[in-house]
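**Q** how would this look folded up:
(chains A and B)
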Amino acid sequence: MTTLNSKIPEGPLAEKWNNYKAHQKLVNPSNKRKIDIIVVGTGLAGASAAASFGELGFQVKSFCYQDSPRRAHSIAAQGGINAAKNYPNDGDTIYRLFYDTIKGGDYKAREANVYRLATVSNDIIDQSVAQGIPFAREYGGLLANRSFGGAQVSRTFYARGQTGQQLLLGAYGALNRQIEAGTVKIYNRTEMMDLVIIDGKARGIVTRNLITGKIESHFGHAVVLATGGYGNLFFLSTNAMGSNGSAAWQAYKKGAFFANPCFVQIHPTCIPVHGDFQSKLTLMSESLRNDGRIWVPKNKEDAEAIRAGKLKPTEIPEENRDYYLERRYPAFGNLVPRDVASRAAKERCDAGYGVGTGKAVYLDFKSAIERLGEDKIRERYGNLFQMYEKIVDENPYKTPMMIYPAIHYTMGGIWVDYELMTTIPGLYAAGEANFSDHGANRLGASALMQGLADGYFVLPYTIQNYLADEIHTPRMNPAEVKEFKDAEEQVKNRIDKLMNIKGNRTVDSIHKELGHIMWEHVGMARTKEGLTEGIEKIRALRDVFWKEVKIPGTANGINLELEKANRLADFLELGELMARDALHREESCGGHFREEYQTEEGEALRNDKDFMYAAAWEYTGDHANPKLNKEILKYENIEVKVRNYK
Amino acid sequence: MNITVKVWRQKDANSKGNFESYKLNDITPDSSFLEMMDVLNEQLLAEGKEPVAYDHDCREGICGMCSMFINGRAHGPDTEITTCQLHMRKFKDGDTITVEPWRSGGFPIIKDLMVDRSAYDKILQAGGYISVNTGGVPDANAIPISKEASDEAMDAATCIGCGACVATCKNSSAMLFVAAKVSQLALLPQGKVEATRRAKAMIARMDELGFGNCTNTGACEVECPKGISITHIARLNREFLCAAVKE
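**A** Residues are numbered from 1 along each chain as shown, chains lettered A, B, ... in the order given. Next up, the predicted model:
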């Protein structure tokens, strides 16, 4: 068994990162020029890492499947980014941000990583402002903050409802500057197809040019995967259409462990599903819960009348509304963490109080508009209200929004140590692609923080500790190296195999079926029976895929169906691993809720005695069962408690 | 709804393209325009034909990847919208809808409705940023910025780089795109330092890449999905003029 060494530095928690930096190895400037780093993905983590490596003097190759690095899905993050600046003087500290993140993650994240994240959070805000990111400001000219779920302080910085866009464009600007300087070479419309390992170390990738179909190899002294999460395996999610888990899955099959795949975040405030042709779900920022109040009718008859179109929500008097989050969780109210809010919405809808199609609850701004005026609400959330109106065709200033939970973010991902290195030497994973900081549930406004922390302030240090020993490794020409040629051959074989199935099922039809299985069996409420059945169904569907999928055209050029099929083939395997992980974890925690393990009040019931570990799965073959490795979690600075938001 | 879509089909950059018409039945008014295109593609696949290639990704109106010219308008018949946010309720039963790619010398067609917008990246590479390295920057609150300036910078910064302004301009000018970035950064003290240099470099790159000149028709502002105002073009001109005077 491989022993998982998380390489946590010595010393007290608050000193670990400084100790690490004081003793790590560095690469001197003249050697940096001789070293190539591959960065896959250009979201917050990928773009910030590639730009920072370039600034340091490394030669960087940056890859994205979109037509421009600016399109990466970080762009869609709305609400904000957390930092422990304590500008509002409301009692925030680095420790409190650390504590809230660990508690919010239901005690499943590694203390040392999370503390470092909280520490560098402040540097991210400084960096972003220096890059010209127009964060919201007060009239005095200083930065404004708002509050987010899972915290009792206001520590979230924001740029209207487009914070992800602004931060990504900042990182993209830094990346552009390095492209112009010649340190970064960008490969857009290029998808990673495989990872190349030579003598046990990650040495490059094989890619497919999405325009010409050409299979190519790229060498790097190190490879960074910043390829996001795998939420799209549910078909309907808030992810972009192209978001996929394939790079992470290729790494897994080459020996990188995959940790906690069952920890998936279901976001409570998304626009409900409207029909069978729906292609994706749209998120309404959690920041709306600052001023919006969530409710369903108190009486079932009212809910039925609403569903039948006989009653309008505005006609229901105050006393007949059930503000169930405020009722159940008076201390945090509408700002409970996402997993708690999602489950509470499902509970009400399952009990028959849902509105709309029955799978929706109200998010109401009436009292906020009365308190603050419509203009103030427009200033805070104008673009979100506009987006809602375009999609649903209802004016949320006049009638409450309808929302329902949807798949949004994956806390699980590639296992990494303190340096963000995977179990494959020289292979790193950053941002949503890794598993490290959010445990079993991510708090709002923490994804942007983690992506940028990894890219700007962690990897530029830790990667040097590895590369310092690689200065004698000369650049390779992939055309002359067997391992690259073999990997290219395998990729070509896989594409040939897909093209030659010539079945009768479209990729999307199989993907939708997978999504239904996942939502039903591996979704918001899981059971032993359901998961066992789900695994069987996923396996059967995988066989269907390899026998019946239909891809028209050829592989030598643009072929969107081939792109989708290739990603779906990996999702079908990843979905099974996710279900296996959920089945093995006999407890409820964060986004993972097993119906067998709950308190009398319906809250998640952890089992710290048996499951206080990160489950790191090891690939053992296409049809063999994966092997479980455990990273035992030790809490030395935090008392592990039952998460309580009452 | 039953509709007919007339779509531009073009095999690749070097082939000649033409319109093809397809009939679609039972489209729900609540689907988005791209969901209608998905249904069309599923139908084409069922008939053994090649699906229509088009760019799209986030489907939330923010990534800027979708780019269709619908019934003669960039992003179709609505204001401040991207194609992915356009819904079929904006059309009527029995309509024929014409769908074309962006047409501009700066954005060559790759296939069907897909165009190459890497020229936008190249313009920004010329100077669409503040030249600071990671780390070693002052505290975020060290320099107060008036709320008005910050809000106006944010108005400009909302550009999604979709290319609607170029596609809709009779001169294929990229002035609104360039102005949005120049203006955003010129409004902030951090970006003011290199504002003239930035304006000069970005305009030179824009000219080099074959985009036309601005003749103040204002069409770009009307079609911009984020409602970016042409007043930013005035600020760009001011910065550009300053650069000329300084020389």
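
**Q** show me the domain layout of chain A.
**A** Domain assignment for chain A by automatic domain parsing gives A:268-407, A:490-632.

**Q** mind putting those domains into JSON lines with distance to chain B?
**A** No exception for glycine: its C-beta is placed from N, CA and C like everyone else's. JSON lines is the format used below for those (distance: least, Cβ to the nearest Cβ, whole Å):
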{"stretch": "domain A:268-407", "distance to chain B": "5"}
{"stretch": "domain A:490-632", "distance to chain B": "5"}
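
**Q** by mean pLDDT, show me the worst of those.
**A** Ranked by mean pLDDT, the domains of chain A bottom out at domain A:268-407, with a mean of 94.

**Q** in chain B, which spans are strands?
**A** For chain B, the strands defined by DSSP state E cover B:3-9, B:18-24, B:68-70, B:73-74, B:96-101, B:109-111, B:114-115.

**Q** and the closest residue to chain B within the stretch 51-200 of chain A, which of the three is it?
**A** In the stretch 51-200 of chain A, the residue that lies nearest chain B is residue A:141 (2.8 Å; Cβ to the nearest Cβ). Of the three states, residue A:141 takes coil under DSSP: H, G, I helix; E, B strand; the rest coil.

**Q** low-scoring stretches of chain B, by residue?
**A** Nowhere does chain B drop to pLDDT under 70.

**Q** do that again at 90, thanks
**A** For chain B, residues meeting the criterion pLDDT under 90 lie at B:239-240, B:242-247.

**Q** so how far is residue A:308 from the closest residue to residue A:425 other than its chain neighbours?
**A** Using Cβ to Cβ, 6 or more residues apart in numbering or on different chains and skipping the chain neighbours, the partner closest in space to residue A:425 is residue A:201 (4.8 Å). Distance of residue A:201 to residue A:308, computed by Cβ to Cβ, to the nearest Å: 64 Å.

**Q** who has more neighbours, those two?
**A** Set residue A:201 next to residue A:308 and count neighbours by other Cβ atoms under 10 Å in any protein chain shown: residue A:201 wins out with 17 against 8.

**Q** let me see the contact set for the more buried one.
**A** Counting by Cβ atoms under 8 Å, 6 or more residues apart in numbering or on different chains, residue A:201 makes contact with A:424, A:425, A:426.

**Q** one more: residue A:129?
**A** Neighbouring residues of residue A:129 by Cβ under 8 Å, 6+ apart: A:135, A:143, B:137, B:140, B:143, B:190.

**Q** just give me the closest of those to residue A:463.
**A** Distance to residue A:463, by Cβ to Cβ, is smallest for residue B:137 among those, at 21.4 Å.

**Q** distance-wise, check that closest one relative to chain A.
**A** 4 Å (Cβ to the nearest Cβ, to the nearest Å).

**Q** what sits closest to that residue if chain neighbours are left out?
**A** Per Cβ to Cβ, 6+ apart, closest to residue B:137 is residue A:130, 3.8 Å.

**Q** could you export stretch A:470-478 as PDB, CA atoms only?
**A** Taking Å, rounded to 0.1, in the frame of the first residue of the first chain, the C-alpha atoms of stretch A:470-478 are listed here in PDB:
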ATOM      1  CA  GLU A 470      15.000  19.000 -12.100                       C
ATOM      2  CA  ILE A 471      17.500  21.600 -13.300                       C
ATOM      3  CA  HIS A 472      19.600  18.900 -14.800                       C
ATOM      4  CA  THR A 473      16.800  17.300 -16.700                       C
ATOM      5  CA  PRO A 474      17.100  18.500 -20.300                       C
ATOM      6  CA  ARG A 475      14.100  19.500 -22.400                       C
ATOM      7  CA  MET A 476      12.800  16.500 -24.300                       C
ATOM      8  CA  ASN A 477      11.600  16.300 -27.900                       C
ATOM      9  CA  PRO A 478       8.400  14.200 -27.600                       C
END
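
**Q** so how far is that stretch off the chain centroid?
**A** The chain centre lies 33 Å from the centre of stretch A:470-478; the measure is Cα atoms, centre = their mean, to the nearest Å.

**Q** also stretch B:146-159?
**A** 19 Å.

**Q** check stretch B:86-105 too.
**A** For stretch B:86-105, the distance to the chain centre is 17 Å (Cα atoms, centre = their mean).

**Q** can that stretch be found next to chain A?
**A** Yes - applying Cβ under 8 Å from any Cβ of the partner chain, one finds stretch B:86-105 touching chain A at B:86, B:87, B:89.

**Q** name the nearest residue to the last one, sequence neighbours excluded.
**A** Spelled out, that is residue B:89. residue B:29 (4.0 Å).

**Q** nearest to residue A:383, of the contacts of residue A:129?
**A** residue A:135 (15.3 Å).

**Q** which residues sit in contact with the closest one?
**A** Residue A:135 touches A:125, A:128, A:129, A:143, A:144, A:157, A:158, A:159, A:166, B:140, B:150, counting by Cβ under 8 Å, 6+ apart.

**Q** could you flag which of the contacts of residue A:129 are buried?
**A** Buried residues within these, counting neighbours by 16 or more other Cβ atoms under 10 Å in any protein chain shown: A:135, A:143, B:137, B:140, B:190.

**Q** tell me the one of those residues nearest residue A:578?
**A** The shortest approach to residue A:578 among those belongs to residue A:135, at 36.2 Å (Cβ to Cβ).

**Q** would you agree that closest one falls within a strand?
**A** No - counting by three-state DSSP, residue A:135 falls outside a strand, being coil.

**Q** what's the pLDDT at it?
**A** At residue A:135, pLDDT is 97.

**Q** against residue B:139, how distant is it?
**A** For residue A:135 relative to residue B:139 (Cβ to Cβ), the value is 13 Å.

**Q** over to residue B:50?
**A** 56 Å.

**Q** between these two, who's got more neighbours?
**A** Each of residue B:50 and residue B:139 has its neighbours counted (other Cβ under 10 Å); residue B:50 has more, 18 against 12.
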